[in-house]
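> Quick one: sequence plus predicted model below, questions after.
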Amino acid sequence: MGAIDLRTEKDYSAEVTYKSLNHEGGMTVTVLEILKNDVQNNTSGKWLYVLLTSPMWVESGEWIEKYHKFLIFLPNDMPCFDFEE
């Protein structure tokens, strides 16, 4: 849940390609790699390399199909739910 910046390159300085929508369903991913702890915009969190496991709409209005890989920064205070299919 929450709006997350999605980078298609596995590079911390890469431009944000998409921004997820902040909606009730959140985004479903499989974490491929936990990269490092960091602070972004005065917020502590972790950099994760993830695989999108469900399609979703993004802020630009585009539909992103599942199985795309993204680099994301996940703030420590962002709610996360661990579900198994």
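Sure thing, it's come through.
> Every contact and neighbour count from this point should use C-alpha atoms.
Noted.
> Stretch 72-85 - what's its average pLDDT?
The pLDDT scores in stretch 72-85 average 81.
> Contacts for it, please.
1-2, 4-7, 43-50 (C-alpha atoms under 8 Å, 6 or more residues apart in numbering).
> Could you report the separation of K46 from I64?
Distance of K46 to I64, computed by C-alpha to C-alpha, to the nearest Å: 23 Å.
> between these two, which one's more packed in?
Between K46 and I64, counted using other C-alpha atoms under 10 Å, the more crowded position is K46 (18 against 15).
> Neighbours of the closest residue to that one other than its chain neighbours, how many?
Distance criterion C-alpha to C-alpha, 6 or more residues apart in numbering; nearest residue to K46, sequence neighbours excluded, is N37 at 4.4 Å. When neighbours are counted by other C-alpha under 10 Å, N37 registers 15.
> what does Q40 give?
Neighbour count of Q40, defined by other C-alpha under 10 Å: 12.
> Quick check: phi and psi on it?
Note on Q40: its backbone torsions stand at phi -130, psi 130 [degrees, to the nearest 10].
> And the one 10 residues further on, by the same measure?
For V50, the backbone dihedrals (degrees, to the nearest 10) come out as phi -130, psi 160.
> From the contact counts, what lies against the helix or strand of the chain with the lowest mean pLDDT?
The weakest-scoring helix or strand in the chain, judged by mean pLDDT, DSSP states H and E, is strand 56-57 (a mean of 90). Applying 3 or more C-alpha pairs under 8 Å, 6 or more residues apart in numbering; DSSP states H and E, one finds that strand 56-57 contacts strand 63-64.
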